[in-house]
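*Asks:* sequence-free structure coming up:
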């Protein structure tokens, strides 16, 4: 019995040794070509392309390419040996390649390197806009990147409306807005990399309910507790804004009133939007309305907004969440109040206070 166990152990050890030795054998090389000591690149086609585009390098001595690196950011491209011959290399622009003019560096199995110039195209990116509201003919500047080669801008909701490109740089795109019957729309922006849809949506002022724009809307007036009224000192659109004064420690509510007609509920309207320029410091204000659940005044804290100091900030708030007609229709008062202010008197400026369809 002991002999049998010994034989089994010897056999098992021999088998393990065979497996270990077998695993040490060099893997079979499935490459279809061999490396050249003198690779000679010719033409790369296309010479510029966006991420994930297929490109082809032709030439001679191009076999056995091991790495392809886009040198802006040292981004590696994947390579399938089946698409590499002595005369050509096919590969895709990496998804994370940096949009820029750069070199693509190739290294073959002998360690020989060569490079070819190439331009990675980037889709347009929009990070900021000068205004979200427009009437036909208004000029708006978009800020972002990859904008120098933009060739076309159109309204997503109205392909027949021509958006005119006024000027462009790598980081800015200035456009003239068209006449359209659409109430709001994002933009299609096309450049060498392709077409993107902006996350920003632009509102046609011809089809909004105006509470305040270039003056008060129909039957709307100043309904503020503190010092307030129309100002020409600053404006986001046009020449006028609504100046709202908040005296230190007063906890006042400033805004608008419509006592005769009121502002009736209309299911077509989806948002309350407005621009506001902040005071001397960042402050939290609260939207208040007489037909909201909390009523008008300085007690309802259910709709806060943070207003940054000294800059214009755009707000677009769902009317479903704001619930301006909770207690019935029409509502007659809409405003903004602040706890304090504690440090000093503050002045805010409101512009383009509108209900958007």
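*Replies:* Arrived safely, thanks for sending. Every value quoted in this text rests on a predicted model; they were computed, and no experiment measured them.

*Asks:* going forward, measure contacts between C-alpha atoms and count neighbours the same way
*Replies:* Fine.

*Asks:* Return the residues in contact with residue 221.
*Replies:* By CA atoms under 8 Å, 6 or more residues apart in numbering, the residues touching residue 221 are 256-258.

*Asks:* which residues does it form a beta bridge with?
*Replies:* Taking DSSP bridges as the rule, residue 221 bridges to residue 257.

*Asks:* What separation is there between residue 258 and residue 291?
*Replies:* Plainly put, residue 258 is 13 Å away from residue 291 if you go by CA to CA, to the nearest Å.

*Asks:* can you list the weak-confidence ranges in the protein?
*Replies:* Along the chain, segments meeting pLDDT under 70 span 1-32.

*Asks:* returning to what we had before: anything in contact with each of residue 258 and residue 291?
*Replies:* With CA under 8 Å, 6+ apart as the test, residue 258 and residue 291 both reach 331-333.

*Asks:* List just the nearest of those residues to residue 305.
*Replies:* residue 333 (18.0 Å; CA to CA).

*Asks:* That closest one: neighbour count?
*Replies:* Residue 333 has 27 neighbours, counted by other CA atoms under 10 Å.

*Asks:* what's the longest strand in this protein?
*Replies:* Longest strand in the chain, counting residues (DSSP state E): strand 346-356.

*Asks:* domain assignment for this structure?
*Replies:* 40-121, 125-203, 208-356 (automatic domain parsing).

*Asks:* Output those domains as TSV; include the columns distance to residue 33.
*Replies:* Listed next are the domains of the chain as TSV, based on distance: least, CA to CA, whole Å:
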stretch	distance to residue 33
domain 40-121	5
domain 125-203	33
domain 208-356	60
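
*Asks:* between those, which gets nearest to residue 34?
*Replies:* Nearest of those (CA to CA): domain 40-121, 5.1 Å.

*Asks:* and that closest one, how far from the chain's centre?
*Replies:* 30 Å (CA atoms, centre = their mean, to the nearest Å).

*Asks:* what about it, how long is it end to end?
*Replies:* 26 Å.

*Asks:* again with stretch 47-57
*Replies:* End-to-end for stretch 47-57, by CA to CA: 10 Å.

*Asks:* Contacts for it, please.
*Replies:* Contacts for stretch 47-57 (CA under 8 Å, 6+ apart): 41-46, 88-97, 99, 117-123, 192-193.

*Asks:* Show me which parts of that stretch are buried, residue by residue.
*Replies:* 48-51, 53, 55-57 (16 or more other CA atoms under 10 Å).
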